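Student: need a structure here:
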Amino acid sequence: MAYLTQKTIKQQVSFEGIALHSGKNVNICIKPANPNHGIVFKRIDLDRNNLVYPNFLNVTNTSLNTTIENDFGVKVSTIEHLMGALFGLGIDNVLIEINNEEVPILDGSAKEFIKEILCSGFDVSDKPIKIVKINKKVEYSDGERFISIEPSTLSLDIDFELKYQNPIIGNQRNKVKVYEDDLTDVYNSRTFCLFEDIEIIKKNGLAKGGSLENAIVVKDTKILNEKGLRNKKEFVNHKILDCIGDLYTSGFRIIANVKCSQGGHYLTNQLLRKTFQDEKNYSILEIKERNLPYTLINKTLLKSIA
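Tutor: The predicted structure follows:
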């Protein structure tokens with residue numbers, strides 16, 4: 001079965017679009033890879049030293065996106081939505097060729113990544129997957145913001161809370177079981193910002209490619225996007241999407257309970273660094289049918305691709 005062994009895509013999948021922060025047009029091609037290859041980015045605009053691994057220790061920037069960098073200073077940024085899609089679909093091995101420094105934002109969610117990868121189909125190997133099981137509670141806080149990870153018997157549960165003074169966003173909270181729930185709303189939820197923050201963000205050289213086509217913009221008591229929200233909890237659901245993608249920089253799917261209040265890329269990365277610095281905090285398990293904890297990809301997706 002697909003959820004017991006390592007998986008790649010059956011056919012390569014390509015995307016073209018604007019990069020959210022640089023504003024540049026970018027092409028990426030996701031290609032099948034052999035078992036134990038892992039997820040690897042390749043900057044094809046460079047001739048050498050162009051492989052970048054999405055590992056939490058390689059994360060060098062968490063300001064409004066997750067950026068990874070290799071030992072030669074070669075970067076790939078805004079990886080979180082694509083990583084979230086790969087996590088949710090149970091993809092263990094792919095080569096991601098990219099001709100610039102930033103993954104295209106597409107519609108601001110993981111929706112298009114999920115759709116096209118599903119259309120590609122999957123190639124399932126006979127090599128077992130490995131997972132990380134959390135053994136001890138680990139916490140990281142930054143003022144009023146915090147994130148924690150603790151043991152779970154069977155699943156990956158994410159409990160995320162968002163607090164904004166803006167009345168449209170307000171206080172939102174959602175809890176999902178990543179391997180069991182229908183996460184369509186999570187994967188379809190777009191990045192967002194406050195209208196009054198746009199000028200500051202752009203002064204910092206970011207969001208050059210941002211528009212109402214790839215982000216929700218909230219101004220006072222109005223959502224400026226013509227069609228409004230895709231779901232009632234789109235703001236916090238997008239944060240959960242980011243969290244899933246950032247957790248996959250561990251290199252494994254995870255069995256744990258994650259709780260977060262007002263977090264983001266920085267907190268998730270710091271949590272992973274703190275967790276993996278002590279081997280007592282976790283175990284790496286090779287999954288076989290006799291010790292499988294439920295499924296390690298979403299059950300709804302399993303049914304749709306069986």
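
Student: so what's residue 32 up against?
Tutor: By Cβ atoms under 8 Å, 6 or more residues apart in numbering, the contact set of residue 32 is 8, 9, 10, 11, 12, 93, 94, 95, 123. Bear in mind the C-beta positions are built from the backbone N, C-alpha and C, glycine included.

Student: at 6 Å instead, please
Tutor: Applying Cβ atoms under 6 Å, 6 or more residues apart in numbering to residue 32 gives the contacts 8, 9.

Student: state the distance from it to residue 120.
Tutor: 9 Å (Cβ to Cβ, to the nearest Å).

Student: how's this protein carved up into domains?
Tutor: 5-129, 131-305 (automatic domain parsing).

Student: work out for me the element residue 275 sits within.
Tutor: Using DSSP states H and E, residue 275 sits in helix 265-276.

Student: next structured bit after whatever helix or strand residue 244 lives in?
Tutor: Residue 244 belongs to helix 234-247 when elements are defined using DSSP H and E. Downstream of helix 234-247, the next assigned helix or strand under DSSP H and E is strand 253-261.

Student: about what we covered before: flag every buried residue along the helix holding residue 275.
Tutor: For helix 265-276, the neighbour count (16 or more other Cβ atoms under 10 Å) marks 265, 266, 267, 268, 269, 270, 271, 272, 275, 276 as buried.

Student: for the domains of the chain, which one ends up most surrounded?
Tutor: Counting by mean count of other Cβ atoms under 10 Å, domain 5-129 has the highest mean neighbour count of these, with a mean of 19.

Student: what average pLDDT does that domain get?
Tutor: Averaging pLDDT along domain 5-129 yields 97.

Student: just the terminal-to-terminal distance for that domain.
Tutor: End-to-end distance for domain 5-129: 5 Å, by Cα to Cα, to the nearest Å.

Student: off-centre distance for it?
Tutor: Centroid separation for domain 5-129 versus its chain: 10 Å, with Cα atoms, centre = their mean, to the nearest Å.

Student: contacts only, for the nearest residue to residue 103 once chain neighbours are set aside.
Tutor: Spatial nearest neighbour of residue 103, excluding adjacent residues (Cβ to Cβ, 6 or more residues apart in numbering): residue 78 at 4.9 Å. Counting by Cβ under 6 Å, 6+ apart, residue 78 touches 20, 65, 102, 103.

Student: how about the nearest residue to the third one once chain neighbours are set aside, what does it touch?
Tutor: Setting aside the residues directly before and after it, residue 102 is nearest to residue 19 in space (Cβ to Cβ, 6+ apart), at 3.7 Å. Residue 19 makes contacts with 26, 102, 104, 209, as judged by Cβ under 6 Å, 6+ apart.

Student: the same query, at a cut-off of 10 Å, please.
Tutor: Contact partners of residue 19, counting by Cβ atoms under 10 Å, 6 or more residues apart in numbering, are 25-26, 65, 77-78, 98, 100-105, 208-209.

Student: I'd like those as JSON lines, with distance to residue 89 and secondary structure appended.
Tutor: Listed next are the contacts of residue 19 as JSON lines, based on distance: Cβ to Cβ, whole Å; DSSP: H, G, I helix; E, B strand; the rest coil:
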{"residue": "25", "distance to residue 89": "26", "secondary structure": "strand"}
{"residue": "26", "distance to residue 89": "21", "secondary structure": "strand"}
{"residue": "65", "distance to residue 89": "21", "secondary structure": "coil"}
{"residue": "77", "distance to residue 89": "22", "secondary structure": "strand"}
{"residue": "78", "distance to residue 89": "19", "secondary structure": "coil"}
{"residue": "98", "distance to residue 89": "19", "secondary structure": "strand"}
{"residue": "100", "distance to residue 89": "24", "secondary structure": "coil"}
{"residue": "101", "distance to residue 89": "25", "secondary structure": "coil"}
{"residue": "102", "distance to residue 89": "22", "secondary structure": "strand"}
{"residue": "103", "distance to residue 89": "16", "secondary structure": "coil"}
{"residue": "104", "distance to residue 89": "18", "secondary structure": "coil"}
{"residue": "105", "distance to residue 89": "19", "secondary structure": "coil"}
{"residue": "208", "distance to residue 89": "30", "secondary structure": "coil"}
{"residue": "209", "distance to residue 89": "25", "secondary structure": "coil"}
